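Asks: Below: sequence and its predicted model.
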Amino acid sequence: MLPRLREKGAIEIQRDTVRVIELRTGPWVFRHWTPFNELTPGEASSPGYRRAIERQRNQSDMPYGLDIWHGARVLRVLWADNGAFAVPIFVRGEWEAAALALS
């Protein structure tokens with residue numbers, strides 16, 4: 001689903017340390033966020049400067065996320081580059097079969 005979301009979704013928010021891409025299709029809303037953003041015109045673009053800024057920013061232990069709504073929010077998955085992940089929201093229901101049919 002993430003490749004489709006990245007291809008067809010629209011950037012909803014891009015500020016500070018978060019970029020949110022959202023895709024709405026029928027009863028579904030898919031929202032994916034990452035900890036990256038574009039440089040502002042006043043920021044230097046050197047790799048060393050980028051790394052220094054990234055180290056200064058307070059990032060979550062699991063900075064990536066995916067929320068899925070089917071009427072209401074039914075799933076939230078969080079993950080990190082080191083392989084850690086969590087599923088803090090999972091609501092069983094008919095949406096599960098419908099989600100599998102989206103592939």
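Replies: Cool, the structure landed.
Asks: from here on, contacts and neighbour counts on C-alpha atoms
Replies: OK.
Asks: how about the helices of the protein, start to end?
Replies: Taking DSSP state H as the criterion, the chain carries its helices at 2-8, 47-56, 95-101.
Asks: Least confident of the ones you listed, on average?
Replies: For the helices of the chain, mean pLDDT drops lowest on helix 47-56, to a mean of 59.
Asks: where in the chain is pLDDT low?
Replies: Under the criterion pLDDT under 70, the flagged ranges of the chain are 13-17, 36-60, 103.
Asks: need the strands for it, in chain order.
Replies: In the chain, the segments counted as strands under DSSP state E are 10-15, 18-25, 28-34, 64-70, 72-79, 85-90.
Asks: is it true that V91 touches G71?
Replies: No: with the criterion set as Cα atoms under 8 Å, V91 and G71 do not qualify as a contacting pair; they are 11.8 Å apart.
Asks: Was I right to think L78 contacts D61?
Replies: No: taking Cα under 8 Å as the contact criterion, L78 and D61 are not neighbours in contact, 9.3 Å apart.
Asks: which of the two has more neighbours?
Replies: In this view L78 and D61 are compared by other Cα atoms under 10 Å, and L78 has more residues nearby, 19 against 13.
Asks: What's the separation between the closest residue to the more buried one other than its chain neighbours and E94?
Replies: Counting by Cα to Cα, 6 or more residues apart in numbering, L78 lies nearest to G65, which is 4.4 Å off, once chain neighbours are set aside. Separation of G65 from E94 (Cα to Cα, to the nearest Å) stands at 22 Å.
Asks: Please identify which of the two sits among more neighbours.
Replies: Regarding G65 and E94, a neighbour count based on other Cα under 10 Å identifies G65 as having more, with 19 against 9.
Asks: What number of residues are in the vicinity of the nearest residue to I21 once chain neighbours are set aside?
Replies: If the residues on either side of it in the chain are set aside, I21 comes closest to I11, at 4.4 Å by Cα to Cα, 6+ apart. For I11, the count of nearby residues is 15 (other Cα under 10 Å).
Asks: roughly how far apart are I11 and I68?
Replies: For I11, the distance to I68 equals 16 Å [Cα to Cα].
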